[in-house]
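S.K.: Here is the input, now give the coordinates:
(chains A and B)
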Amino acid sequence: MSKLISAVLAATLAFAGAVGAAERGRDGQVNILFWQAPSNVNPYLSGGTKEIEVSSMVIQPLANYDPNGNMIPTLAAEIPTVANGGVSSDLKTITWKLKQGVTWSDGSAFTADDVVFTYEYCSHPDTGCSTMNYLAGISSVDAIDAHTVKISFAEPKPFPYGAFVGATTPIIQKAQFADCMGTKAQECTEANFYPIGTGPFVVKDFKPNDVVQLEANPNYREAGKPAFQSVLFKGGGDATSAARAVLETGEMDYAWNLQVEPEILAKMAQAGKGIIVTAFGPSVERLMVNQTNNNAAEPNRSEYMDGNNPHPFLSDYAVRRALSLAIERQILVDAGYGAAGQVTCNVLPAPAIYASTANDECKTQNTDEANKILDAAGWARGSDGVRAKNGVRISILYQTSTNSVRQATQAFIKEMWKQIGVETELRNINASVFFGGDPASPDTYGKFLTDIEMYTNNFSGTDPEAYMNNWTCAEISGKHNNWLGNNVPRYCNPAYDALAKELSTAGALEDRTRLAKAMNDILMQDYIMIPLIHRGGVAAHANSLGGVAMNAWDTEVFNIADWYRK
Amino acid sequence: MVRYILRRLLIAIPTLLVISFVIFAILDLAPNDPTGNLPMTVPPETREKIRLSLGLGEAMHVRYYKWLVQFFVNEPLNILEQSFGIVIGDSGNRLRVLSWATRSPVVDMIVERAPQTLWVVGLSYVFGILMAIPIGIIQAYRQYSWFDQVGTFVAMVGFSVPTFFTGVVAILVFSVQLQWLPMIYDTTLEVNSWGNFILQFKQMIMPVMVLALWQAAQLSRFMRASILDNLNLDYVRTARSKGRNERAVLLIHVLRNSLIPVITLIALGIPHIFGGAIITEQIFRVNGLGQLLIIAIEGADIPTVQTLTFLFAFLIVLFNLIADVLYGILDPRIRYD
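M.R.: Numbers count the residues shown, from 1 in each chain, chains lettered A, B, ... in the order given. Down below sits the predicted model:
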């Protein structure tokens, strides 16, 4: 495998060398269609995927992730590791060596001071920086010299690549943003729309929520790149018509996030004008199983109460396992996702080294087994066909956000659960309410006043530690933390917490994969979350567009400097 | 008349204040969160910090007061400064109404987008009127003829089939099948040559015609009804018995009287032009005010929604007044003093 990768890399490099001799901007314009339009070009203030995508063409981090999830140096000269001395042996500091001779698009020199400033900008308490969590645990960021930055952590940090790796935390120019710290950050419209960067393109014209025009950066450090002189980054409309503009009319070269019904997309692709590409990151559509009593009459509704407020029927292991076994996941993939989905039995399905095979039982539906489990556990069918025990009926209120694919999935699952004597009532809630954090709203996913809820979660970067920490006892969502905790099922297992603690100090990759897999297996085998679909990103590009490398770990345009017209 | 207008304008002030408060209160009470659309990787504590940085930590009446000051004092001062190139007071530290999504002044976004909306929706309104009036006249004059029947049928279809359907059908036919017209409105196109003018014309055909059909469908019904009302009145019989030809009866006597209610309707419809055609703009990707409003609503960008809806409310109040005044001018029987 590694031989294959190195062969491909060598071929790419040779090819890059060949075109490197050509002139910058020789291929004219590339048209990119994002049906959700970017609202600004500062990822620290917006945090949305669309803004991160557009800004990644302009401002760059120290290192990016390639399509396989490996780190590649961007503004750094190399990736620091314990082996090359870049990461200290006590795992408390990481020292980045920056590339020499990099300039900003205005011609001034890029130095370590800019990295230090970026840290100060985002960590300022009043900035409202949306990627603050990437800086978690950092005690200081210091410039050792003009091209060396040392990041120190308060505690040993086994995976010290959170800050400034990947498109979510790019380096901004100190000279431009110096007056935009704290509360002033909101008012710096000029800087937020036209950031000066080190990337292959600069923003020429920005119309918020509509269109961005970018020009090749005349000071870009690689000769002959980018091949395109300009980028038109158009927003608005909907996913289906975006796919149509690339695959059927050919007006656009690239379209992003094509959540379109599989058969419609396949039909469009038959026009032969473009290609559909996918990439699978860590996104998993899953069911959350409420472990607390959510009865409306309960004064402590959906509160954990140290385990003294259990759910009337979902606290029974047999019920949770039966619910998972009764689901035919392939149907859900075929109906709603097509190329954009795969059946999964893990909440941690990627990177590939972390994917467990211990839970594959869920891949095939087994209604008979599910019925047997429920019979054995004493849940008997009543006259209405719904199972009950001691007067408790298995009647599930199942919520999710409003989205046609999700509602179709809900309807399928309702029917599958009917086969095992489970009654299901469906609800859907507007996404901005459901995923919002308004403590006054009863309908947020964090409050979780229903029995089951469904959504997709994932993590950025390739290290799952923070993500797996979501289900420790300390993270339980409740009134005490304004329902902002990440442990939405309200699950508490000392064995799981012990593994999480071990993971926080494990430095070697083998240990980290073993621990993360074990944590995934605990969650899966306890059926606290029922994974359904491993979701991938789907994009389409014109046949004439070359160099696209669909990437689930970084932005889809992370290598736009290498894109070209065939 | 002047006293009447003054009185109406004075009443409008408390009306608009009440409207602005009601809009603010509704938006504030609705369960909406500007951080709700962020990826799940952004943790809850960070979301809380973002909300605080947007000023959501303050009490509702404080935020309402701030909006009032920003909108009614700071924004007009800013417009004065920009149009006359002068500096009034401490303009560097004067806070403008900032969008939560773009962190840029809302008024600047409205100024940037208003021309597209006025061109596309405004032109469709003009075309709609130009189509509706003659169709309505002929339909009424030749009541129950085949032209009337077909016209009624087309109007019913045009009015009841939503624009998001006709728009998509138009795209499928003219962009995908025939490949005559572009399906994406190029908002970066500058009309500075004949070639670009033709491109601009081509990209405007579909959105304008889809909307014009819908406008014409409604107005032609009103026009027809209004002419029919007048045709049976005594003054028409008098005109005919005086020996005036049919053309003069219809186009001079009947038309002028029938236009009075239709003109009122047209005036009342003008604020809706500024409101944009939310769905049509979204389908053709026209960066107009309607699209801005829908994006702001989806993203819980309350300052933008608040400012836009208030502007629409203001225009509706204004054009109601204009319609009333026009009515008085056109119809001598109506006097306000």
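S.K.: separation between residue B:145 and residue B:152?
M.R.: 11 Å (Cβ to Cβ, to the nearest Å). Every C-beta, even on glycine, is put in place using the N, C-alpha and C of the backbone.
S.K.: Would you mark the buried spots in stretch B:96-114?
M.R.: B:96-110, B:112-114 (16 or more other Cβ atoms under 10 Å in any protein chain shown).
S.K.: Please see if that stretch touches chain A.
M.R.: Yes: in terms of Cβ under 8 Å from any Cβ of the partner chain, part of stretch B:96-114 sits within range of chain A, namely B:98, B:99, B:101, B:102, B:103, B:104, B:105, B:109, B:112, B:113.
S.K.: pretty sure the third one is in a helix, no?
M.R.: No: counting by DSSP: H, G, I helix; E, B strand; the rest coil, residue B:101 is not found in a helix; it is coil.
S.K.: Please look at it and residue A:50 and confirm they touch.
M.R.: No: contact criterion Cβ atoms under 8 Å: residue B:101 and residue A:50 do not qualify, at 10.6 Å.
S.K.: How is the residue located most distally from the centre of chain A assigned, secondary-structure-wise?
M.R.: Residue farthest from the centre of chain A, counting by Cα atoms, centre = their mean, is residue A:383 at 45.4 Å. With three-state DSSP as the basis, residue A:383 sits in coil.
S.K.: List the residues that contact it.
M.R.: Residue A:383 makes no contacts at all, as judged by Cβ atoms under 8 Å, 6 or more residues apart in numbering or on different chains.
S.K.: quick one, phi/psi of it?
M.R.: Here is the backbone geometry of residue A:383 (degrees, to the nearest 10): phi -70, psi -20.
S.K.: do you know how far it is from residue A:421?
M.R.: 12 Å.
S.K.: Residue B:150 should be in a helix, yeah?
M.R.: Yes: counting by three-state DSSP, residue B:150 falls inside a helix.
S.K.: That one: neighbour count?
M.R.: A total of 11 residues lie near residue B:150 under the criterion other Cβ atoms under 10 Å in any protein chain shown.
S.K.: Also residue A:265?
M.R.: The number of residues near residue A:265, taken as other Cβ under 10 Å, comes to 22.
S.K.: State the helix or strand in which it lies.
M.R.: Secondary structure from DSSP states H and E places residue A:265 in helix A:262-269.
S.K.: contact partners of that helix?
M.R.: A:240, A:243-244, A:247-248, A:258, A:260, A:275-276, A:334-340, A:538, A:540.
S.K.: where's residue B:322, which helix or strand?
M.R.: Going by DSSP H and E, residue B:322 is in helix B:302-330.
S.K.: Kindly provide the distance from residue A:519 to chain B.
M.R.: In this structure, residue A:519 and chain B are 18 Å apart, going by Cβ to the nearest Cβ, to the nearest Å.
S.K.: contacting residues around that residue?
M.R.: Counting by Cβ under 8 Å, 6+ apart, the residues that residue A:519 touches are A:348, A:468, A:471, A:496, A:499, A:500, A:503.
S.K.: switch the cut-off to 7 Å
M.R.: Going by Cβ atoms under 7 Å, 6 or more residues apart in numbering or on different chains, residue A:519 touches A:468, A:496, A:499, A:500.
S.K.: Could you do residue B:284 as well?
M.R.: B:167, B:185, B:206, B:207.
S.K.: I'd guessed the first one sits against residue B:211; true?
M.R.: Think residue B:167. No: checked against Cβ atoms under 7 Å, the pair residue B:167 and residue B:211 is beyond contact range at 8.9 Å.
S.K.: Just confirm yes or no for the helix or strand containing residue B:18 near chain A.
M.R.: Residue B:18 is located in helix B:2-29, with elements delineated by DSSP H and E. No: shown here: helix B:2-29 not in contact with chain A (Cβ under 7 Å from any Cβ of the partner chain), separated by at least 8.9 Å.
S.K.: what's the next secondary structure element after that helix?
M.R.: Following helix B:2-29 toward the C-terminus (DSSP H and E): helix B:44-53.
S.K.: helices or strands up against that following helix?
M.R.: Helix B:44-53 sits against no helix or strand, with contacts defined as 3 or more Cβ pairs under 7 Å, 6 or more residues apart in numbering or on different chains; DSSP states H and E.
S.K.: One more pass at 10 Å, please.
M.R.: Helices and strands touching helix B:44-53, as assessed by 3 or more Cβ pairs under 10 Å, 6 or more residues apart in numbering or on different chains; DSSP states H and E, comprise helix A:43-46.
S.K.: The next helix or strand after the helix it packs on vs chain B: in contact?
M.R.: Next along the chain after helix A:43-46, taking DSSP H and E as the criterion, comes helix A:49-55. Yes: judged by Cβ under 10 Å from any Cβ of the partner chain, helix A:49-55 comes into contact with chain B at A:49, A:50, A:51, A:52.
S.K.: So the closest residue to residue A:358 other than its chain neighbours, which state does it fall into?
M.R.: Of all residues not flanking residue A:358 in the chain, residue A:521 sits nearest, at 5.0 Å (Cβ to Cβ, 6 or more residues apart in numbering or on different chains). The three-state label for residue A:521, taken from three-state DSSP, comes out as helix.
S.K.: What count of nearby residues applies to residue A:521?
M.R.: The number of residues packed near residue A:521 is 17, by other Cβ under 10 Å.
S.K.: Now intersect the contacts of residue A:519 with the helices, please.
M.R.: Judged by DSSP state H, the contacts of residue A:519 include A:468, A:496, A:499, A:500 as members of helices.
S.K.: and of those residues, the nearest to residue B:220?
M.R.: For the ones in helices among the contacts of residue A:519, the closest approach to residue B:220 (Cβ to Cβ) belongs to residue A:468, at 64.7 Å.
S.K.: Who wins on neighbours among the ones in helices among the contacts of residue A:519?
M.R.: The residue in the ones in helices among the contacts of residue A:519 with the most neighbours, by other Cβ under 10 Å, is residue A:468 (25 neighbours).
S.K.: My guess is that residue contacts residue A:459. True?
M.R.: Yes: using Cβ atoms under 10 Å, residue A:468 makes contact with residue A:459 at a distance of 8.8 Å.
S.K.: Now the common contact residues for those two.
M.R.: Each of residue A:348 lies in contact with both residue A:468 and residue A:459 under the rule Cβ atoms under 10 Å, 6 or more residues apart in numbering or on different chains.
S.K.: Scan chain A for its longest strand.
M.R.: What stands out as the longest strand in chain A, according to DSSP state E, is strand A:274-289.
S.K.: Report the inter-axis angle for that one versus helix A:262-269.
M.R.: Strand A:274-289 runs at 170 degrees relative to helix A:262-269, counting by axes from the mean of the first three to the mean of the last three Cα atoms, to 10 degrees.
S.K.: what comes up buried for strand A:274-289?
M.R.: Those would be A:274, A:276-289, for strand A:274-289 by 16+ other Cβ under 10 Å.
S.K.: near chain B too, which of those?
M.R.: A:282, A:283.
S.K.: Among the buried residues of strand A:274-289, which one sits closest to chain B?
M.R.: residue A:283 (8.8 Å; Cβ to the nearest Cβ).
S.K.: so the closest one sits right up against residue A:553, yeah?
M.R.: No: using Cβ under 10 Å as the test, residue A:283 is too far from residue A:553 to be in contact (11.6 Å).
S.K.: low-scoring pLDDT stretches of the stretch 151-300 of chain B, where are they?
M.R.: By pLDDT under 70, the weakly predicted segments of the stretch 151-300 of chain B are B:276.
S.K.: where exactly do the strands run in it?
M.R.: For the stretch 151-300 of chain B, no strands are identified by DSSP state E, counting those that start in this stretch.
S.K.: Around chain A, pick out the residues from it.
M.R.: B:167-168, B:171-172, B:175-177, B:179, B:181-188, B:281-288, B:291-292, B:294-300.
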